[in-house]
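1. the amino acid sequence is not available; the structure is as follows:
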């Protein structure tokens, strides 16, 4: 990306820049397989999956976790 293109983006309104960021993020989310995953991250994911499969009842639903975090504030 050229400095002129960056300057043009920075001259957009905040709302337009947010829309641009959302469009970029959506384009990344549409191809999650293209995101690099390190070996350490892969091991951690495998570990978490193994833990979950060995005791699925230990998991807590997101709304419950969110409420718990809100109460701690």
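-> Thanks, I have it. Computed from a predicted structure; not experimentally measured.

2. so, low pLDDT: which residues of the protein?
-> By pLDDT under 70, the chain contains no weakly predicted segment.

3. what's near enough to touch residue 25?
-> Contact analysis of residue 25 by Cβ atoms under 8 Å, 6 or more residues apart in numbering lists nothing. Placement of C-beta: from N, CA and C, glycine included.

4. next, the residue nearest to the spatial centre of the chain: phi, psi?
-> With distances taken as Cα atoms, centre = their mean, residue 29 lies nearest the centre of the chain, 8.6 Å away. Summarising the backbone geometry of residue 29 under the convention degrees, to the nearest 10, its torsions are phi -60, psi -30.

5. try residue 33
-> For residue 33, the backbone dihedrals (degrees, to the nearest 10) come out as phi -70, psi -20.

6. could you report the neighbour count for it?
-> Residue crowding around residue 33 was assessed by other Cβ atoms under 10 Å; the count is 5.

7. pull up the gap between the residue nearest to the centre of the chain and residue 23, please.
-> 11 Å (Cβ to Cβ, to the nearest Å).

8. try residue 2
-> As it turns out, when the distance is counted by Cβ to Cβ, residue 2 lies 19 Å from residue 23.

9. now swap in residue 35 and tell me
-> Noted for residue 35: a distance of 17 Å to residue 23, by Cβ to Cβ.

10. and the helices in this structure?
-> Ranges of helices within the chain are 3-10, 14-29, 39-54, 62-72, based on DSSP state H.
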